[in-house]
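# coordinates only, no sequence provided:
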């Protein structure tokens, strides 16, 4: 089991049980748990039928449920305004399994029809005026449908019934008439649940009231932040509750409300306190929890993973990783939501990476390296696959653990490596605070623009390689070291998938020798580049990317480059100012000469045409240290040259 001990500002993570699963069995990784659930993964899902011709302002859901019965009845009030002229009908997404009893528009009954593909068409007596608010009320009932990961589930725990919802990606329409496309967050929502008095109802926002109603109770929740339909939820059973508190100033704290099963209370009280350590990490890096004026919370449900319902995540368990993952979504996924499901990595890749950042902050020497190693190995377990979703009708593809979650997270890790910590976090905070995106929707292109603005360089190559492209680089490395300590290294690259011919990357290399080591990063721009570095120790081995900054595989590391042989070469004078002469034994004639700086850039080239002695003018070289590469009839030779 895991323990998190907090003594003032000192945080120590002890024990051997913190989120071991990602490093032992990837089928238990958070992403895989989120895919298992109770329902099968499905393909061929139909999407929203609602045209983008009106703007939703507010919903009020009044729902009557009994967890012992799989049935729902109630009504949904919606306030909306048309965005174009001539709108004389309103569409909602509404499952064919729901029976619509009646519809009212501006307080008067109106006719409606049920077009195919789970729709509801409301016929208006006249066209609506642009910029004017209108109100509809839909009365309905039925045994809700169940798509995706369940949508609306009636189940039990320890013999007690429970009803819960999980609408991502296309399941909101299964249990309430809504607009579930990713183009219109409504400004606020009220959720009123009437249920037998022995049960409690959890939902988004703040609990305004808990009122008796005969042998039932009505729970009124209110959320006053923009929210998409798929993040609205209810969960109803015999919950008990308690609070954890996360201080964020000397006088204020964020209330974390936990609704759990009575039989789980003791265990969950010991586990959810980890949120007290995790949330400050995110507050510090990404700004104060976006919904701090309401609450954060957890509602236990019967599912293998978790779902980031705004302000109250539905949780199948309360381990460290799932707590961090679902909390991270409140910034990335809830406050800013992907505009299309092919960009779902903006939700899940971020939440996965922030889980890793929790380990980096709270267990930098143990679980942070293990987390990186687990993700790294999982991603590289197959040679293909893009982060961009290529089939948004399949929940299995949308929520692919290796690609959407882990590779999406490692895209961020590599961007951080390329940009540096300061620029990376500045760009992400600019993204989170962009008025056009905050509490709205975003695309990968909009995130990329914020990254490029701070970085000062075009990142198209990176997104082409890692977002739309597939696979990863495979390195074959050759190296040697001359008697003066100059190490030469050649990075040859193949790729695991033909969609990317070459990955441009800053490649860290760690050199070892005589009990010493040093790490040097080489900015690889072309295949087979040579790089040279002056070291003050003799190298006996090296490793590519030992700290796992990038996604790559090293296929081979060999001493010697291009079949280099031990060829005696005389080079004089050295240091030199105006010219330098090279002499090789007969039969080892000099075929070409290249002078490179210590970053591997070619500064001079000459073609001696097979002479065993050659003098070249170096006056145009700036003062400094260079590497001379001689191609001879018996192999390649490297020598260090000092230019005065």
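Perfect, thanks for sending it. On a predicted model such as this, the values are computed, not experimentally measured, just so you know.
# helices of the stretch 201-350 of the chain, residue ranges please.
In order along the chain, the stretch 201-350 of the chain carries the following helices (DSSP state H, counting those that start in this stretch): 265-271, 275-286, 320-329, 345-362.
# what angle separates the helix or strand following the longest one from helix 345-362?
This points to helix 345-362. Next in sequence after helix 345-362, counting helices and strands by DSSP states H and E, comes helix 367-379. Using axes from the mean of the first three to the mean of the last three Cα atoms, to 10 degrees, one finds that helix 367-379 and helix 345-362 are set 150 degrees apart in direction.
# in terms of secondary structure, what does helix 367-379 contact?
The elements that helix 367-379 packs onto, with contact taken as 3 or more Cβ pairs under 8 Å, 6 or more residues apart in numbering; DSSP states H and E, are helix 21-24, helix 345-362, helix 408-419. (C-beta placed from N, C-alpha, C; glycine too.)
# pLDDT weak spots in this protein?
In the predicted model, the chain carries pLDDT under 70 at residues 1-47, 560-566.
# buried ones in the helix or strand where residue 554 lies?
The secondary structure element spanning residue 554 is strand 553-559 (assigned by DSSP H and E). Within strand 553-559, the residues scored as buried using 16 or more other Cβ atoms under 10 Å are residue 557.
# use 26 as the first number from now on
Right, with 26 as the first residue, what we last looked at is strand 578-584.
# whichever helix or strand comes after that strand pairs with which strands, parallel or anti?
Scanning forward in sequence from strand 578-584 by DSSP H and E, the next helix or strand is strand 595-597. Partner strands and pairing direction for strand 595-597 (DSSP bridges) are strand 604-608 (antiparallel).
# one step back: output the helices of the stretch 226-375 of the chain in TSV; the columns should cover distance to residue 182.
Conversion of the helices of the stretch 226-375 of the chain to TSV gives the following (distance: least, Cβ to Cβ, whole Å):
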stretch	distance to residue 182
helix 290-296	13
helix 300-311	22
helix 345-354	18
helix 370-387	26
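# closest to residue 238 out of the ones you listed?
helix 290-296 (26.8 Å; Cβ to Cβ).
# can you pull out the strands in the stretch 126-275 of the chain?
Taking DSSP state E, counting those that start in this stretch as the criterion, the stretch 126-275 of the chain carries its strands at 133-135, 137-138, 144-148, 159-167, 176-182, 185-191, 213-221, 225-227, 231-238, 241-248, 260-262, 265-272.
# same question, the stretch 476-625 of the chain
Using DSSP E, counting those that start in this stretch, the strands found in the stretch 476-625 of the chain span residues 498-506, 511-520, 530-538, 541-549, 554-559, 566-569, 578-584, 595-597, 604-608, 615-622.
# which elements pack onto the third one?
Think strand 530-538. Strand 530-538 makes packing contacts with helix 433-444, strand 511-520, strand 541-549, strand 566-569 when contacts are defined by 3+ Cβ pairs under 8 Å, 6+ apart.
# now it against strand 541-549, angle please.
Angular relation of strand 530-538 and strand 541-549 on a 0 to 180 degree scale: 160 degrees, by the same axes, to 10 degrees.
# quick one: distance of stretch 486-504 to the chain centre.
In this view, stretch 486-504 has its centroid 19 Å away from the chain centroid, taken as Cα atoms, centre = their mean, to the nearest Å.
# list the buried ones in it?
Neighbour-count burial for stretch 486-504, with 16+ other Cβ under 10 Å as criterion, is recorded at 487-488, 490-492, 494-500, 502-504.
# ends of it, how far apart?
Distance across stretch 486-504, first residue to last, is 28 Å (Cα to Cα, to the nearest Å).
# isn't residue 95 up against residue 167?
No. At 10.0 Å, residue 95 does not count as touching residue 167 under the criterion of Cβ atoms under 8 Å.
# for residue 480, what are its contacts?
Neighbour list for residue 480: 443, 444, 448, 452 [criterion: Cβ atoms under 8 Å, 6 or more residues apart in numbering].
# can you confirm residue 456 is in a helix?
Yes. Going by DSSP: H, G, I helix; E, B strand; the rest coil, the assignment for residue 456 places it inside a helix.
# ok, residue 627 - how many residues close by?
Using other Cβ atoms under 10 Å, residue 627 is surrounded by 11 other residues.
# got the contact list for it?
So, once contact is read as Cβ under 8 Å, 6+ apart, residue 627 ends up touching 619, 620, 621.
# could you redo the last one with a cut-off of 7 Å?
The neighbourhood of residue 627, defined by Cβ atoms under 7 Å, 6 or more residues apart in numbering, consists of 619, 621.
# separation between it and residue 554?
Taking Cβ to Cβ, to the nearest Å as the measure, residue 627 and residue 554 are separated by 10 Å.
# got it, and residue 444?
Residue 444 sits 22 Å away from residue 554, going by Cβ to Cβ.
# let me know the closest of the buried residues of stretch 486-504 to residue 409.
Minimum distance to residue 409 across the buried residues of stretch 486-504 is 4.7 Å, recorded for residue 495 (Cβ to Cβ).
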